[in-house]
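Trainee: sequence unknown, structure follows:
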């Protein structure tokens, strides 16, 4: 059951791009279960709100990981 006060949003995960174990799949699963859109920076992430189009591409949310790390 989700609390009525919970706000669903975006979770931005910044992790070393050379570290294959981050973000942890369990963390991504937990955030998705709670309704968050989970995005990984992959070294650079720029956000804007109500700004003019600058040719940036949309961030691609991480897919739900069905397998887990050991």
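Mentor: Yep, it's here. No experiment lies behind these values; they were computed from the predicted model shown.
Trainee: drop to CA atoms for contacts and neighbour counts, all remaining ones
Mentor: Noted.
Trainee: residue ranges with poor pLDDT in this structure?
Mentor: For the chain, the stretches with pLDDT under 70 are 1-8, 42-48, 56.
Trainee: Tell me the secondary structure at residue 66.
Mentor: coil (DSSP: H, G, I helix; E, B strand; the rest coil).
Trainee: can you pull out the strands in the chain?
Mentor: 10-13, 37-40 (DSSP state E).
Trainee: Put together JSON lines for those strands, with distance to residue 59 on each row.
Mentor: Conversion of those to JSON lines gives the following (distance: least, C-alpha to C-alpha, whole Å):
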{"stretch": "strand 10-13", "distance to residue 59": "10"}
{"stretch": "strand 37-40", "distance to residue 59": "7"}
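Trainee: which of those strands sits most buried?
Mentor: strand 37-40 (a mean of 19; mean count of other C-alpha atoms under 10 Å).
Trainee: what distance separates that one from the middle of the whole chain?
Mentor: Put simply, strand 37-40 sits 1 Å off its chain's centre (C-alpha atoms, centre = their mean, to the nearest Å).
Trainee: quick one: strands adjacent to it?
Mentor: As defined by DSSP bridges, the strand partners of strand 37-40 come to strand 10-13 (parallel).
Trainee: Any chance you could list what contacts the partner strand?
Mentor: 23, 31, 36-41 (C-alpha atoms under 8 Å, 6 or more residues apart in numbering).
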